[in-house]
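1. Predicted model follows, preceded by the sequence.
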Amino acid sequence: MTRPQISLNLALSADGRITSPAGRPSGWTSQRDHRRLLQLRQAAEALIVGRGTLEADRMTLGAPHRPWRCVVSRSGRFDPGHPLFSSPGGPIHLLATAAAAPSIKGAEGHAGSLADFLAELHRRGIRRLHCEGGGGLARALAELDALDQVHLTWAGHTLFGGRENPGLTGPPGDFLPASLRYELADFEADPSSGECFLSYRRLRG
Ligand SMILES: NC(=O)c1ccc[n+]([C@@H]2O[C@H](COP(=O)([O-])OP(=O)(O)OC[C@H]3O[C@@H](n4cnc5c(N)ncnc54)[C@H](OP(=O)(O)O)[C@@H]3O)[C@@H](O)[C@H]2O)c1
């Protein structure tokens, strides 16, 4: 099925987790991590996050070039008072995969599978889609083998801990149906922040 090229950006703690035990907003691990997040946004025509991340991080998904702002949910339960719906930015698209299309003023609702939604974005001209988490959505994209590039900030200075906390491919202890091979396209260590910045490209065929 035709879909946009999809990139993912996540910050990982030294123990491979993407969130702290209390599930507090993840924020940025450093100024450089933040700059990189903005840079990666800049290269995308549309951004996508899971509803958990939208809520936890109070995201508004803004950028000067006004990329489309897409949020994925099973339940379709969105809070109309969330700042996303009152902040300036690109068109908002809400997907519910197991409920009726969300109906919120100022947003376009969709119902159906994640794969069909990706195809619909492509049909409407989106060629570069960038995912900012969280683990649940990253996992679903990995299951579709739809992660073409993965960007990681490895924040070796912090252990997030937490037995149940998600990692790059979702909840711990839950294997992907098959391994996916990537090549390391870029690697930079930054001794001043104690972080490593990695970019991977999916190897196909
Ligand atoms: N370290 C980082 O770089 C980073 C980045 C992003 C987020 N985070 C952190 O990660 C935590 C959130 O993680 P999470 O795994 O709960 O986040 P998530 O993937 O953003 O949200 C999970 C929710 O998204 C929806 N969803 C996920 N996969 C779906 C699918 N395949 N189909 C339909 N809906 C789907 C569901 O929403 P419904 O409940 O509405 O059905 C699900 O409950 C937060 O604490 C956040 O701060 C960290």
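-> Structure received. Owing to the predicted nature of the structure, the values given are computational and were not obtained by experimental measurement.
2. ok, longest helix in this protein?
-> Among the segments of the chain that qualify as a helix by DSSP state H, the longest is helix 31-42.
3. can you tell if the very next helix or strand once past that helix touches the ligand?
-> Toward the C-terminus, helix 31-42 is succeeded by strand 46-50 as the next helix or strand (DSSP states H and E). Yes: with Cβ under 6 Å from any ligand atom as the criterion, the ligand is reached by strand 46-50 at 49-50. C-betas here are computed from N, CA, C, even on glycine.
4. mind checking how far stretch 35-47 is from the chain centre?
-> Between the centre of stretch 35-47 and the centre of its chain there are 11 Å (Cα atoms, centre = their mean, to the nearest Å).
5. Keeping just the C-alphas, turn it into CSV.
-> Coordinates of the C-alpha atoms in stretch 35-47 are reproduced here as CSV (Å, rounded to 0.1, in the frame of the first residue of the first chain):
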residue,chain,number,x,y,z
ARG,A,35,17.0,21.7,18.6
ARG,A,36,17.1,18.3,16.9
LEU,A,37,13.4,17.8,17.5
LEU,A,38,12.7,21.2,15.8
GLN,A,39,15.0,20.3,12.9
LEU,A,40,13.3,17.0,12.2
ARG,A,41,9.9,18.7,12.4
GLN,A,42,11.1,21.1,9.8
ALA,A,43,11.7,18.3,7.3
ALA,A,44,8.2,17.0,7.5
GLU,A,45,4.9,17.8,5.8
ALA,A,46,2.9,16.2,8.6
LEU,A,47,3.5,15.2,12.2
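6. So which bits of it are buried?
-> Going by neighbour count (16 or more other Cβ atoms under 10 Å), the buried part of stretch 35-47 is 36-37, 40-41, 44-47.
7. that older thread, and the longest helix of the chain, does that touch the ligand?
-> No: residues of helix 31-42 are not located near the ligand by Cβ under 6 Å from any ligand atom, the shortest gap being 8.5 Å.
8. Quickly note the distance from the nearest residue in space to Gly16 that is not next to it in sequence to Gly90.
-> Nearest non-adjacent residue to Gly16, counting by Cβ to Cβ, 6 or more residues apart in numbering: Gly167, 4.7 Å away. Distance from Gly167 to Gly90, counting by Cβ to Cβ, to the nearest Å: 29 Å.
9. just Arg127 next, same as before
-> The spacing between Arg127 and Gly90, counted by Cβ to Cβ, is 15 Å.
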